[in-house]
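Visitor: I'll drop the sequence and a predicted model, then ask my questions.
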Amino acid sequence: MSAALVLDLVRHALLIALLVAGPLLLTELVVGVVVSVFQAVTQIQEQTLTFVPKLAAVAFVLILTLPWALHLTVEYLQQTLHSLSAMVP
């Protein structure tokens, strides 16, 4: 197994992880900023006001993107298993 092959597998795995986690993290960031601005404007300092909208938005985006993320992950796993013969001497 060459170092280039290992680096390519790791690079591709990190890219898949970024693509799968990206929409969830971006949603949480946007909802958090919107709720924080709302709290600053209204001077409401309730802790659950930040947690519940983030949880609902992330759950919604997770339901929407789950088929795509699962397809991407399974495709990566299939490519890795098919290239297994090149990894074993």
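Guide: Happy to help now that I have it.
Visitor: Distance check, Leu15 against Tyr76.
Guide: 9 Å (C-beta to C-beta, to the nearest Å). C-beta here means a position set from N, CA and C on the backbone, and glycine is covered the same way.
Visitor: which residue ranges form the helices in this protein?
Guide: 3-42, 48-82, 84-87 (DSSP state H).
Visitor: Any chance of TSV for those helices, columns mean neighbour count and mean pLDDT?
Guide: As requested, the helices of the chain are exported to TSV (neighbours: other C-beta atoms under 10 Å; pLDDT from 0 to 100):
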stretch	mean neighbour count	mean pLDDT
helix 3-42	13	92
helix 48-82	13	93
helix 84-87	9	73
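Visitor: Determine which residue lies closest to the centroid of the protein.
Guide: The centroid of the chain falls nearest to Ala21 when counting by C-alpha atoms, centre = their mean (0.6 Å).
Visitor: looking at it, Pro53 is touching Val31, isn't it?
Guide: Yes: using C-beta atoms under 8 Å, Pro53 is in contact with Val31, at 5.4 Å.
Visitor: Mutual contacts of the two, please.
Guide: Here Pro53 and Val31 share no contacting residue, scored by C-beta atoms under 8 Å, 6 or more residues apart in numbering.
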